[in-house]
Every structure is written in structure tokens, then in C-alpha cells.
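# Have a look at this fold, sequence not included:
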């Protein structure tokens, strides 16, 4: 199944702060996840519906909403900040 990708306002702000190379890698990883479901994804403990996609040292926090058929991007953070 292919997912529609939606970005929250916060995720857009996070993406604008990234270096161009990192931003491109994140966008490619999100597109691959949305299209074919591939990526280093884990469910976060203590946050029932939040998952993370690992892209090098960066983490994309997102929520899958199957009823809407969308992947909602919440944050894009460095791994040192993502789990606080």
C-alpha cells in the first residue's frame, strides 16, 4: 500500500533547518517508506502511536493513520534530541 505523506508545520520547520544533503536523504527515505514500506522503523516506547524512521544520525518521528491512508510527519530531529 502506498501512503500519502503529510507534513506538520513543526516538521516543515525542522526540515528547513537541515543541511541540503541531509534534507535530500530524509526526503528520499520518507518517500521510500511511503511507497514500498522500506526503512529502519521502530515504535517508540511510552508513545503508543508514534514511530521513528532512522536516517543516519537523524530521526523522523511520524504517525501512521491507516483510516486516512496517510503518513503524518511530526518531527525531524538529530538523534541526541529525538528521544527527550
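Perfect, thanks for sending it. From a predicted model like this one, the values you see are computed outputs, not experimental measurements. Numbering: from 1, shown residues only.
# contacts and neighbour counts: CA atoms only from here.
Noted.
# Which residue, other than its chain neighbours, is closest to residue 6?
Excluding the flanking residues, the one nearest residue 6 by Cα to Cα, 6 or more residues apart in numbering is residue 72, at 4.9 Å.
# so where does the one you found fall, helix or strand?
Assigned by DSSP states H and E, residue 72 falls within strand 70-78.
# now swap in residue 32 and tell me
Residue 32 belongs to helix 20-36, assigned by DSSP H and E.
# Now do the buried residues in that helix.
22, 23, 26, 29, 30, 31, 33, 34 (16 or more other Cα atoms under 10 Å).
# now do stretch 34-54
Buried residues in stretch 34-54 (16+ other Cα under 10 Å): 34, 39, 41, 50, 51, 52, 53, 54.
# At the geometric centre of the protein, which residue sits there?
residue 60 (3.1 Å; Cα atoms, centre = their mean).
# Just say helix, strand or coil for that residue.
strand (DSSP: H, G, I helix; E, B strand; the rest coil).
# which one is residue 35 nearest to, not counting chain neighbours?
residue 2 (4.7 Å).
# Would you verify that that neighbour is located in a helix?
No - Residue 2 sits outside any helix when classified using three-state DSSP, being coil.
# what about it, how many neighbours?
14 (other Cα atoms under 10 Å).
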